[in-house]
Every structure is written in C-alpha cells, then in structure tokens.
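K.L.:
could you look at this predicted model? Sequence included:
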Amino acid sequence: MARIGFIGVGNMGGPMAKNLIKAGNEVHAFDLSKVLLDKVVAAGAVAAESATDAVRGADVVVTMLPAGKHVRAVYEGEVLGAVGAGTLLIDCSTIDVATARDVAGQAAAKGLSMVDAPVSGGVGGAEAGTLTFMVGGPDEDFAKANPYLEVMGRTIVHCGGPGNGQAAKICNNMMLGIQMVSVAEGFVLAEKLGLDPQKLFDVSSTASAQCWSLTTYCPVPGPVPTSPANRDYQPGFTAAMMLKDLALSQDAAKGFDADTAMGQHAEKLYRAFVDGDNGETDFSGIIKMIRGG
C-alpha cells in the first residue's frame with residue numbers, strides 16, 4: 001500500500017482517486033471544491049487542507065488539473081518544495097507540451113521521478129478503471145508509475161521522453177474532434193436526404209467510415225444506446241474540454257510549423273458551439289449546431 005497525494009478530484013480525478021483507494025492505497029486528497037473533496041472522502045480518502053498538505057509524506061503524487069498554468073502553479077508553488085526524496089510525481093492533466101517538459105525538468109533537477117500521463121476514455125472510463133494513459137518520461141520513471149496507472153486504466157502506452165504523453169494526447173484529440181464533426185455532418189446530410197440514421201449507422205459502422213466517434217459515441221440517438229445522444233448530450237466529455245484540447249493542438253501546430261487545416265477548422269466550429277452557451281454539453285452535441293437547431 002502506498003500513500004498517495006491526489007490533487008484535483010473533479011469529474012475525472014475523483015473516480016481515479018476512488019480506484020486507487022479500492023486498490024488499498026492511502027489517498028490524501030485536495031481540491032478547491034469542498035463538494036468534490038467530500039465525495040472522495042466518503043469513498044475513503046483523507047481530506048487535506050491544501051495541496052502541500054496532501055503531498056507531504058506521500059510516496060506518490062497524482063495531479064489532475066485544468067490547464068498548464070495550474071500545473072505550473074501547483075508544482076512550483078506547493079509540490080516540489082514539499083515532497084521528499086524518492087517521491088514519484090504523475091501529472092494526468094492535459095496541458096501544453098512546453099509546460100509539461102519544463103515542470104518535468106524542475107522535478108528532475110531535484111532528483112524526483114516524474115511522468116506526464118494524460119488520459120483518454122472520459123468519465124465512464126475513469127469510473128470503470130479502463131482509461132488509456134499516454135505517458136511521457138524516462139524509462140525508469142515510467143516503470144515506477146506503471147503499477148499505479150494500471151489501477152486506473154486498461155491501456156498504458158509509454159510514448160517517449162518528458163512531454164510526449166501530452167503530445168500524443170493533443171494529436172489524438174485533434175483527430176477525435178475532426179472525426180466527430182465529420183460524423184455529425186454525415187448524419188445531418190443523411191437526414192436531409194431522407195436516409196434513416198440507423199441504416200446509415202448499419203452501413204458506416206462496418207464500412208470505410210468506421211471510427212470511434214461513430215461506433216462508440218454516435219451523435220444521434222438510437223444506434224449506440226450508451227452514447228450521450230441518448231441522454232440529451234449530458235457530458236462524458238464536454239465541448240469546452242474538446243475546445244481546450246483543439247486549442248492546444250493548434251498552439252502546438254503553430255509552434256512547430258505543422259499544417260493542420262482540418263484541426264484549425266474543427267477548433268473554429270467548437271469555439272462557435274461553446275460560445276453559444278454549450279460548453280457543458282457533450283462534445284458530440286455539436287451535431288445540433290451543424291443541424292442548425
């Protein structure tokens with residue numbers, strides 16, 4: 001059993017922390033939201049009064065924070081100065097590659113092990129412990145982190161050195177955003193042509209247009225009963241989070257001189273959708289904007 005400091009127990013971090021508790025670990029949790037913190041305390045976590053309090057004496061620190069600025073502030077201001085030698089740091093936030101590499105460098109300079117390990121799989125995957133982790137960091141740090149990641153996920157891929165987990169995440173989610181727009185456009189066109197959506201699904205799910213956005217997360221009600229379309233687009237992954245990841249991809253594309261025209265257009269569409277007061281709608285709900293309703 002390890003003592004784990006867990007900072008950020010929201011929609012994703014909360015279920016991840018609970019899985020670590022179920023595996024027999026002692027989890028000291030902190031979140032700015034008392035409501036969220038109370039939920040993991042009810043599952044067996046120890047409430048910490050601050051991020052520093054959560055990580056003091058920890059064998060492992062796990063963070064799940066909104067953006068790079070939060071990761072930098074928490075690590076530089078509270079974590080790196082409070083943890084002891086030999087502590088393993090696992091940042092599961094989705095942030096920009098440059099910040100991930102900078103914070104990892106600061107950790108290494110203090111002799112600490114650190115990996116960036118952003119996730120894919122949504123709230124359902126976090127609850128079921130079936131997340132995919134994209135991990136960046138030295139081989140030895142990955143080896144230390146892997147047993148804890150296996151408690152929270154099903155697929156763990158070591159993508160290379162520091163920041164490469166973030167690189168894999170933003171590339172993956174750029175493709176996801178583009179694919180969801182394409183699937184939504186296909187179903188809207190089918191509606192206008194008088195084609196039953198179930199018939200389009202039956203064809204496309206076994207043909208060349210097959211993709212996760214279609215077969216697992218179909219944006220129309222019916223064909224995939226577990227998709228958010230069947231619960232009025234209540235989120236597994238919000239449109240605001242998709243916009244965040246698309247923006248990260250486009251910042252990276254500009255910084256590294258990559259031509260991502262489709263990614264750029266997907267960001268523009270999701271920005272319009274979020275600006276229309278749909279930030280907390282599931283990202284598959286963009287079909288409503290494409291439909292014009």
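P.N.:
That came through fine. Numbering: from 1, shown residues only.
K.L.:
okay, buried residues for stretch 18-31 please.
P.N.:
18-21, 23, 25-31 (16 or more other Cβ atoms under 10 Å). From N, CA and C alone the C-beta is placed, and that goes for glycine too.
K.L.:
kindly list the longest strand within this protein.
P.N.:
Of all the segments of type strand in the chain, defined by DSSP state E, the longest one is strand 153-160.
K.L.:
so which elements touch it?
P.N.:
strand 131-136, helix 139-152, helix 164-192 (3 or more Cβ pairs under 8 Å, 6 or more residues apart in numbering; DSSP states H and E).
K.L.:
now Ala240: how far from Gly177?
P.N.:
For Ala240, the distance to Gly177 equals 12 Å [Cβ to Cβ, to the nearest Å].
K.L.:
these two - which one has more neighbours?
P.N.:
Per other Cβ atoms under 10 Å, whichever of Ala240 and Gly177 has more neighbours is Gly177, with 26 against 16.
K.L.:
from the rest of the structure, what touches the longest strand of the chain?
P.N.:
119, 121, 125, 129-137, 139, 142, 146, 149-150, 165, 167-168 (Cβ atoms under 8 Å, 6 or more residues apart in numbering).
K.L.:
buried ones from those, can you make that a PyMOL selection?
P.N.:
Buried residues within the contacts of strand 153-160, by 16+ other Cβ under 10 Å, are selected in PyMOL with:
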select buried, resi 119+121+125+129+131+132+133+134+135+136+137+142+149+165+167+168
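K.L.:
show me the shaky parts of the chain.
P.N.:
293 (pLDDT under 70).
K.L.:
for it, which segments count as strands?
P.N.:
Going by DSSP E, the chain shows strands at 3-7, 26-30, 46-47, 60-63, 88-91, 113-116, 119-120, 131-136, 153-160.
K.L.:
and those strands as a markdown table, adding distance to Tyr270?
P.N.:
Converted to a markdown table, the strands of the chain look like this (distance: least, Cβ to Cβ, whole Å):
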| stretch | distance to Tyr270 |
| --- | --- |
| strand 3-7 | 28 |
| strand 26-30 | 31 |
| strand 46-47 | 36 |
| strand 60-63 | 25 |
| strand 88-91 | 25 |
| strand 113-116 | 24 |
| strand 119-120 | 17 |
| strand 131-136 | 21 |
| strand 153-160 | 25 |
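K.L.:
out of these, nearest to Cys218?
P.N.:
Closest approach to Cys218 among these (Cβ to Cβ): strand 119-120, 17.9 Å.
K.L.:
if I look at the residue lying closest to Ile286 once chain neighbours are set aside, how far off is Ala252?
P.N.:
Leaving aside its chain neighbours, Ile286 sits nearest to Phe273 (4.9 Å; criterion: Cβ to Cβ, 6 or more residues apart in numbering). For Phe273, the distance to Ala252 equals 22 Å [Cβ to Cβ].
K.L.:
those two - which one has more neighbours?
P.N.:
Neighbour count, other Cβ under 10 Å: between Phe273 and Ala252, Phe273 has more, with 24 against 20.
K.L.:
list the contacts of that one.
P.N.:
239, 243, 281, 285-286, 289.
K.L.:
just Val9 next, same as before
P.N.:
Counting by Cβ under 8 Å, 6+ apart, Val9 touches 17, 29-31, 36-37, 39-40, 45, 64.
K.L.:
and with 10 Å instead?
P.N.:
Taking Cβ atoms under 10 Å, 6 or more residues apart in numbering, we find Val9 in contact with 15-18, 27, 29-31, 33, 36-41, 43, 45, 62, 64.
K.L.:
got the phi and psi for it?
P.N.:
Dihedral angles of Val9 (phi, psi; degrees, to the nearest 10) stand at phi -120, psi 50.
K.L.:
got CSV for the helices and strands packed on strand 153-160, with distance to Leu80 too?
P.N.:
Shown next, in CSV, are the helices and strands packed on strand 153-160 (distance: least, Cβ to Cβ, whole Å):
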stretch, distance to Leu80
strand 131-136, 18
helix 139-152, 15
helix 164-192, 19
